[in-house]
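Q: need a structure here:
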Amino acid sequence: MVSKSQEEIAREKFELAAKEFDFVFHSPYALTETLSVFGYIAYNNYQSELKVDGIKSELEEMMEKEAATNKESNNGVILNDDIVTLNSYKVLKDVNPDMVGWLTVKNTKIDYPVVRGTDNEYYLTTNFYKESDYNGWVFMDYRNNPKDLQKNTIIYAHNRYYSGVMFGTLNNVLKWKWYSNEENHYITFNTLYENIEWKVFSIYSIDVTTDYLLTKFSSPEKYQEFLNLISKRSDIKLKAKATVDDQILTLSTCLNNNRRLVVHAVRVNKNES
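A: Numbering: from 1, shown residues only. Take a look at the predicted model:
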């Protein structure tokens, strides 16, 4: 997750301009350069938001049509909402065979279909339609099994903070207004096979490391050590706990080239939610 986006390049240009001219606004050249960079960032972010929202609207429309068809063609049998939702994902699988589920985080703009590539690089620069796109898409770690979830299922996306697309609003989890409302702690990540709710138990920012990105563990003891590690890191005291019998969901994004924002959530049984 270290490739530079146009947004990051623009930000670096702005910082360089500020350093070179020491923010000397009385210099016409410095002012022109600064305003040009601001204009570029604003336009770029606006275009990013339009493009991503357009793709998402198209996909949601496909799902709605599929859901309506499901209800009408079921010989009078009323399907529950969970089944209708799962069935509607099939149409997205036809659009992109890499589709593995849908992720929603309350009181953020994170509400996207999730894909999985053959590595963790492809969807950094490719959207759901498999078009080149610096926004990338929301994707599952290629080492994860989307049908039989492992102990730690990992989902990544770029932090497009200024446009708010992809994981651009995951930063909300660090705000008191978000984490003080326990309802926000419930994340939905549905696979193609079942609807699943998860509850956040750890939130933190950290220097770049891969120690929280393990998907397999050699023993219950090793998994417990891992859970202890990521639980103790939390910058916020949360009620939910994870045990060695649990599966967890990890959301990971960049804060900058050297820092990561990480959210861990534990799978919730229906009678616990």
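Q: neighbouring strands - and their directions - for the helix or strand in which residue 153 is found?
A: Secondary structure from DSSP states H and E places residue 153 in strand 152-156. Partner strands for strand 152-156, per DSSP bridges, with pairing direction: strand 139-140 (antiparallel), strand 248-256 (parallel).
Q: just after the last one, pick out the following helix or strand.
A: For strand 248-256, the following helix or strand on the C-terminal side (DSSP H and E) is strand 259-268.
Q: so, low pLDDT: which residues of the chain?
A: Applying pLDDT under 70 to the chain flags the ranges 1-46, 70-80, 270-273.
Q: helices of that one, residue ranges please.
A: 6-21, 28-72, 81-95, 176-179, 220-232 (DSSP state H).
Q: for the third one, buried residues please.
A: Going back to what we said before, that points to helix 81-95. For helix 81-95, burial by neighbour count (16 or more other Cβ atoms under 10 Å) applies to 84, 85, 86, 87, 88, 89, 91, 92. The way it works is simple: take the backbone N, C-alpha and C, and place the C-beta from them, glycine included.
Q: let's have those residues in TSV, adding distance to residue 180.
A: Below are the buried residues of helix 81-95 laid out as TSV (distance: Cβ to Cβ, whole Å):
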residue	distance to residue 180
84	33
85	29
86	33
87	37
88	34
89	33
91	38
92	34
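Q: so which of the residues you listed comes closest to residue 159?
A: residue 92 (23.9 Å; Cβ to Cβ).
Q: ok, the closest one - contacts?
A: Counting by Cβ atoms under 8 Å, 6 or more residues apart in numbering, residue 92 touches 59, 62, 63, 99, 113.
Q: contacting residues for the spatially closest residue to it that is not a sequence neighbour?
A: Nearest non-adjacent residue to residue 92, counting by Cβ to Cβ, 6 or more residues apart in numbering: residue 99, 4.8 Å away. Counting by Cβ under 8 Å, 6+ apart, residue 99 touches 89, 92, 93, 113, 114, 115, 128, 192.
Q: would you mind finding the most buried of the strands paired with strand 152-156?
A: Burial of these is given as mean neighbour count (mean count of other Cβ atoms under 10 Å); strand 139-140 ranks first at a mean of 26.
Q: what residues does that strand touch?
A: Here strand 139-140 has contacts from 100-101, 114-117, 120, 122-123, 146, 153-157, using Cβ under 8 Å, 6+ apart.
Q: try it again with 7 Å
A: 100, 114, 115, 116, 117, 123, 146, 153, 154, 155, 156 (Cβ atoms under 7 Å, 6 or more residues apart in numbering).
Q: now these in TSV, with neighbour count and distance to residue 237?
A: Shown next, in TSV, are the contacts of strand 139-140 (neighbours: other Cβ atoms under 10 Å; distance: Cβ to Cβ, whole Å):
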residue	neighbour count	distance to residue 237
100	25	32
114	24	29
115	24	34
116	21	33
117	17	36
123	25	33
146	17	32
153	27	24
154	23	24
155	25	24
156	24	26
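Q: among the residues you listed, which one sits closest to residue 254?
A: For the contacts of strand 139-140, the nearest to residue 254 is residue 156 (9.2 Å; Cβ to Cβ).
Q: identify the residue spatially nearest to the closest one, adjacent ones excluded.
A: residue 252 is the one closest to residue 156 (Cβ to Cβ, 6+ apart), at 5.3 Å.
Q: quick one, the strand holding residue 153 and helix 220-232 angle?
A: Between strand 152-156 and helix 220-232, the angle comes out at 40 degrees (axes from the mean of the first three to the mean of the last three Cα atoms, to 10 degrees).
Q: what does strand 152-156 rub up against?
A: Contacts to strand 152-156, defined as Cβ under 7 Å, 6+ apart, come from residues 1, 103, 114, 120, 138-141, 144, 213-215, 248-253.
Q: please redo it, this time with the cut-off set to 8 Å
A: Under Cβ under 8 Å, 6+ apart, the answer for strand 152-156 is 1, 103, 114, 120, 138-141, 144, 167, 189, 213-215, 226, 247-253.
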